[in-house]
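Peer 1: Need the 3D shape of this:
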Amino acid sequence: MATVSSLPLLIFARISALTVAFLVLIWALVFQTSFLPLSSSHEDLIYAVLHPLFMVIGFILVSGEAILVHRWVPGSRNFKKSVHLSLQGMALACGVFGVWTKFHGKKGIVANFYSLHSWMGLICLFFFSAQWVVGFMSFWHRGEVRTIRVRVLPWHVFLGLYTYGLAVATAETGLLEKLTLLQTKRNVLRHSSESLVVNSLGLGLALLSGIVILAAISPKYHSHHYHQNPKSKFIYSDGKWVSS
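Peer 2: This next block holds a predicted model:
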């Protein structure tokens, strides 16, 4: 269960996530004509709109919730790990489908992977997939030597947070790329309502990522526990310090 020290961070994380979800929905549903030329079919428009929805809401927001599982889900460590693995699997599925929507374009696969945004997206999805496979294997093979698990876990935590940060950075490059295209080729004004929505979405993602990472690594709970039990020995396990 969430501790008193982590509760404000969890609240801010949820508020930020809801704000980001609201902004991306507004952008994708209200400004649909900005995603494709007017001559495009309704099916192409649907796939173009689904890409930001699945990558932001399905991939980034759900994976952020998975990172915070150990802060708010009650129950045993194994139960928390199963919830974490399930949410990460859901995020991975959304990420794969979100990338697949770009394959659907008539210009072909290669034409959609030419930019820094697309390269970062593929690298991020590769890291995320590797992370999920490692987590899945670790969850179903609990009989591994404990020393190996303890050594691997910090790297698993680091790569997980790095991949989450990379996903947010990838989304930021995508927003910048799309907004620059709209302003140069679609004559979208810099002070228009759509520019305001996209820029606000970028700020919301940056704020959300900072809150999620801070909540994940926050040492307040550990120091509080130590002061109550100064003779306890701590072992790093399952993304947190536990006393022995």
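Peer 1: can you tell me how far the residue nearest in space to the middle of the chain sits from Q183?
Peer 2: Centroid-nearest residue in the chain, with CA atoms, centre = their mean: I60, separated by 2.5 Å. Distance, I60 to Q183, by CB to CB, to the nearest Å: 24 Å. C-beta here means a position set from N, CA and C on the backbone, and glycine is covered the same way.
Peer 1: do the same with L45
Peer 2: 21 Å.
Peer 1: Grab the longest helix from the chain for me.
Peer 2: The single longest helix within the chain, with elements called by DSSP state H, is helix 146-185.
Peer 1: Return the set of buried residues in that one.
Peer 2: Using 16 or more other CB atoms under 10 Å as the test for burial, helix 146-185 gives 157, 159-161, 163-164, 166-175, 178-179, 182-183.
Peer 1: counting contacts, what elements does that helix pack onto?
Peer 2: helix 62-67, helix 116-140, helix 193-217, strand 234-237 (3 or more CB pairs under 8 Å, 6 or more residues apart in numbering; DSSP states H and E).
Peer 1: how about JSON lines for those, with mean pLDDT and mean neighbour count added?
Peer 2: Below are those laid out as JSON lines (pLDDT from 0 to 100; neighbours: other CB atoms under 10 Å):
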{"stretch": "helix 62-67", "mean pLDDT": "94", "mean neighbour count": "23"}
{"stretch": "helix 116-140", "mean pLDDT": "87", "mean neighbour count": "16"}
{"stretch": "helix 193-217", "mean pLDDT": "94", "mean neighbour count": "18"}
{"stretch": "strand 234-237", "mean pLDDT": "44", "mean neighbour count": "13"}
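Peer 1: Out of the ones you listed, flag the one nearest A13.
Peer 2: Closest of the helices and strands packed on helix 146-185 to A13 is helix 193-217, at 4.7 Å (criterion: CB to CB).
Peer 1: what helices or strands is the closest one leaning on?
Peer 2: Counting contacts by 3+ CB pairs under 8 Å, 6+ apart, helix 193-217 packs against helix 7-30, helix 62-67, helix 146-185.
Peer 1: Under the pLDDT cut-off, which ranges of the protein? List them.
Peer 2: Low-confidence segments of the chain, defined by pLDDT under 70: 1-5, 37-40, 105-111, 139-149, 219-244.
Peer 1: rerun that using 50 as the cut-off
Peer 2: By pLDDT under 50, the low-scoring segments of the chain are 1-4, 221-244.
Peer 1: Distance of the closest residue to G204 other than its chain neighbours relative to V83?
Peer 2: Closest residue in space to G204, ignoring its immediate chain neighbours: V20 at 4.4 Å, by CB to CB, 6 or more residues apart in numbering. To V83, V20 is 22 Å away according to CB to CB.
Peer 1: swap in L9?
Peer 2: Taken as CB to CB, the span from L9 to V83 is 19 Å.
Peer 1: again with V168
Peer 2: For V168 relative to V83 (CB to CB), the value is 22 Å.
Peer 1: do V62 as well
Peer 2: 12 Å.
Peer 1: can you check C94 too?
Peer 2: According to CB to CB, C94 stands 17 Å off from V83.
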